[in-house]
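Asker: With the sequence up front, the predicted model follows.
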Amino acid sequence: MRLLTELAYRLLSSLPPWLRDHSPIIELRNKLRHWEILRRTRDLIPAPVYKDSIRNGDFKIVFISPIYKSFPLLALSLIEQTYKNWELLFVHDGPADDLDEIAKAIIARDDRISFIETAERANDWGHTPRQIAFEEIRERGIGDFLVVTNSDNYHVPGYIEKMLEHFDDDTHAVYCDMIHDYYSWRNLETRLEYSFIDCGCVMARSETALKAGWNDNTYEGDWKYIADLIDVCGTQAIRKVGATLFVHS
């Protein structure tokens, strides 16, 4: 399978630009990339407990993210996910009048993406927009699993699927390794310690995430959320995925 997918991808990539960049060819190339990602990671969990539910797309995964005049790379990475039942809630930190047209077009292209803006800018590392998003999710009662991330982060196409595969009935949260811009774009083997993990690496059951809440508006707010998750469910209910599925920008 590897040889076939790699050969097909190379052949499609060698086409002249006027043909290679045509929409059906782009979609086929992306699908080949997705197949290869899933093939290379299929041995992480040979028999996922929720295999059938994942295949059927039964779980709703909610991503929440602050945004401020930035290119929404996050949205593009979610559109490319192999698992399709997700929703993204962007909360713009202040009025979004200066958000550029390309960003607006990307956000508007998919009805799984919601966008709200605050009346004024908090400028507190995105924590106030996250707190607003938590309240929005709590009021709407949406989502089986929750991921807190940023608008310029990238989740590899198999992120949702592979994270879900690591859940069982006793697991409240899972986390993966990451590539981090603060560490010269090196691969970082994450662990449940301050400075060794980012909230974008973590997927939690919604009820656990909402119980933990987003309670800190300081620079250390991201870690405080993870520490609060640990307080809610204990480290024994948090499982690690042995793969790098997240890029922090």
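Answerer: Nice, thanks for sending it over. Numbers count the residues shown, from 1 in each chain.
Asker: going forward, measure contacts between C-alpha atoms and count neighbours the same way
Answerer: OK.
Asker: Of all residues in the protein, which one is nearest the centre?
Answerer: Nearest residue to the geometric centre of the chain (C-alpha atoms, centre = their mean): residue 155, 4.9 Å.
Asker: Next, the contact list for residue 49, please.
Answerer: 165, 166, 167, 168 (C-alpha atoms under 8 Å, 6 or more residues apart in numbering).
Asker: mind redoing it with 7 Å?
Answerer: residue 168 (C-alpha atoms under 7 Å, 6 or more residues apart in numbering).
Asker: now it: how far from residue 166?
Answerer: As judged by C-alpha to C-alpha, to the nearest Å, residue 49 and residue 166 stand 8 Å apart.
Asker: beta partners of the residue nearest to the centre of the chain?
Answerer: When bridges are called by DSSP bridges, residue 155 pairs up with residue 246.
Asker: Contact partners for it?
Answerer: Taking C-alpha under 7 Å, 6+ apart, one finds 77, 78, 245, 246, 247 in contact with residue 155.
Asker: For those residues, give me JSON lines that also has neighbour count and pLDDT.
Answerer: Listed next are these as JSON lines, based on neighbours: other C-alpha atoms under 10 Å; pLDDT from 0 to 100:
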{"residue": "77", "neighbour count": "17", "pLDDT": "96"}
{"residue": "78", "neighbour count": "24", "pLDDT": "97"}
{"residue": "245", "neighbour count": "22", "pLDDT": "95"}
{"residue": "246", "neighbour count": "24", "pLDDT": "97"}
{"residue": "247", "neighbour count": "22", "pLDDT": "96"}
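Asker: which one of the residues you listed sits closest to residue 23?
Answerer: Comparing those against residue 23 with C-alpha to C-alpha places residue 77 closest, at 17.3 Å.
Asker: Report the secondary structure state of that closest one.
Answerer: helix (DSSP: H, G, I helix; E, B strand; the rest coil).
Asker: Please apply the same query to the one 10 residues further on.
Answerer: Secondary structure state of residue 87, per three-state DSSP, is strand.
Asker: That one and residue 65: what is the separation?
Answerer: For residue 87, the distance to residue 65 (C-alpha to C-alpha) stands at 11 Å.
Asker: more neighbours, the two?
Answerer: Counting neighbours by other C-alpha atoms under 10 Å for residue 87 and for residue 65 shows that residue 65 has the greater number, 26 against 21.
Asker: quick one: pLDDT of that one?
Answerer: With respect to pLDDT, residue 65 has a value of 98.
Asker: Next: residue 95.
Answerer: pLDDT, read off for residue 95, is 94.
Asker: Next, give phi and psi for it.
Answerer: Dihedral pair for residue 95: phi -60, psi 140, per degrees, to the nearest 10.
Asker: Okay, it and residue 67: tell me how far apart.
Answerer: 11 Å.
Asker: quick one: which of the two has more around it?
Answerer: residue 67 (25 against 15).
Asker: who touches the closest residue to the more buried one other than its chain neighbours in this structure?
Answerer: Distances taken as C-alpha to C-alpha, 6 or more residues apart in numbering place residue 92 nearest to residue 67, at 4.7 Å, with adjacent residues excluded. Applying C-alpha under 7 Å, 6+ apart to residue 92 gives the contacts 66, 67, 68, 116, 117, 118, 129.
Asker: which residue ranges form the helices in this structure?
Answerer: Per DSSP state H, the chain carries helices over the ranges 2-13, 17-20, 23-41, 51-56, 73-79, 101-108, 127-140, 159-165, 206-212, 221-233.
Asker: quick one: the last one to helix 127-140, angle?
Answerer: With axes from the mean of the first three to the mean of the last three C-alpha atoms, to 10 degrees applied, the angle from helix 221-233 to helix 127-140 works out at 40 degrees.
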